[in-house]
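*Asks:* build me a structure from this.
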Amino acid sequence: GGVGTSVIPLAVARGLRVVGVASAAKEGLVDSLGAEHVPSGDGWDERVRALAPGGVDAVFDLVGGEVLRAGARLLSGRRGPVSIAAPGLAAELGGGGVTRRRATEVFGQVAELAAAGVLDIHVSAVFPLSRAAEAVALVESGHATGKVVVVPDGR
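*Replies:* Next up is the predicted model:
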């Protein structure tokens, strides 16, 4: 989705090997961003472990719950997972979360990277304001493959 399509290029630009867990329908997108795709669903963590038998250095979670717990078990070091979906649980697991408090700073850094050409913001859909409910529904469906943008009517 929109967050993953932003996080993957940032990590790849830093020379990191990235494994992206996503639906089979998003395999091409994950690959195009420079990550190794692992199909989501039952056994995803075992598939990641097969790619990284010694564990992974970092987990960036967008789902929470048992997915976050399974991701934390994949970690090889002392660092805990980072989660957008469940920052409290991530903290319990030794990591932390992305909170609104840091959003302005982080968005500023992302904007600078996009302006410098390091980060390509992938827009998957644009909706006029009069169809904002459809935009929200697309985001909530989990089927957006990038940012969903709402613009004033008539643009």
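*Asks:* pull out the buried residues from the helix ranked longest in the chain.
*Replies:* Under DSSP state H, the helix in the chain containing the largest number of residues is helix 103-115. Of the residues in helix 103-115, those with enough neighbours to count as buried (16 or more other Cβ atoms under 10 Å) are 110, 113. Glycine gets a C-beta too; all of them are placed from N, C-alpha and C.
*Asks:* again, but for stretch 25-43
*Replies:* By neighbour count, and taking 16+ other Cβ under 10 Å as the criterion, the buried residues in stretch 25-43 are 26, 29-30, 33, 35, 37-40.
*Asks:* ok so, going back, what's the longest helix of the chain packed up against?
*Replies:* Contacts of helix 103-115 with other secondary structure elements, assessed using 3 or more Cβ pairs under 8 Å, 6 or more residues apart in numbering; DSSP states H and E, are made with helix 4-13.
*Asks:* packing partners for the helix it packs on?
*Replies:* In terms of contacts (3+ Cβ pairs under 8 Å, 6+ apart), helix 4-13 is packed against strand 19-22, helix 27-32, helix 103-115.
*Asks:* swap the cut-off to 10 Å and go again
*Replies:* Judged by 3 or more Cβ pairs under 10 Å, 6 or more residues apart in numbering; DSSP states H and E, helix 4-13 is in contact with strand 19-22, helix 27-32, strand 60-61, helix 103-115.
*Asks:* go through these and name the closest to residue 10.
*Replies:* Evaluated with Cβ to Cβ, those place helix 103-115 nearest to residue 10, the distance being 7.0 Å.
*Asks:* run a quick neighbour tally on the residue lying closest to residue 128 once chain neighbours are set aside.
*Replies:* The shortest distance from residue 128 to any residue that is not its chain neighbour, by Cβ to Cβ, 6 or more residues apart in numbering, is 4.6 Å, and that residue is residue 153. Residue 153 has 9 neighbours, counted by other Cβ atoms under 10 Å.
*Asks:* give me the distance between the residue lying closest to residue 84 once chain neighbours are set aside and residue 140.
*Replies:* Across the structure, with Cβ to Cβ, 6+ apart as the measure, the residue nearest residue 84 apart from its sequence neighbours is residue 98 (4.9 Å). Distance of residue 98 to residue 140, given as Cβ to Cβ, to the nearest Å: 19 Å.
*Asks:* and residue 14, by the same measure?
*Replies:* When distance is defined by Cβ to Cβ, residue 14 is 31 Å away from residue 140.
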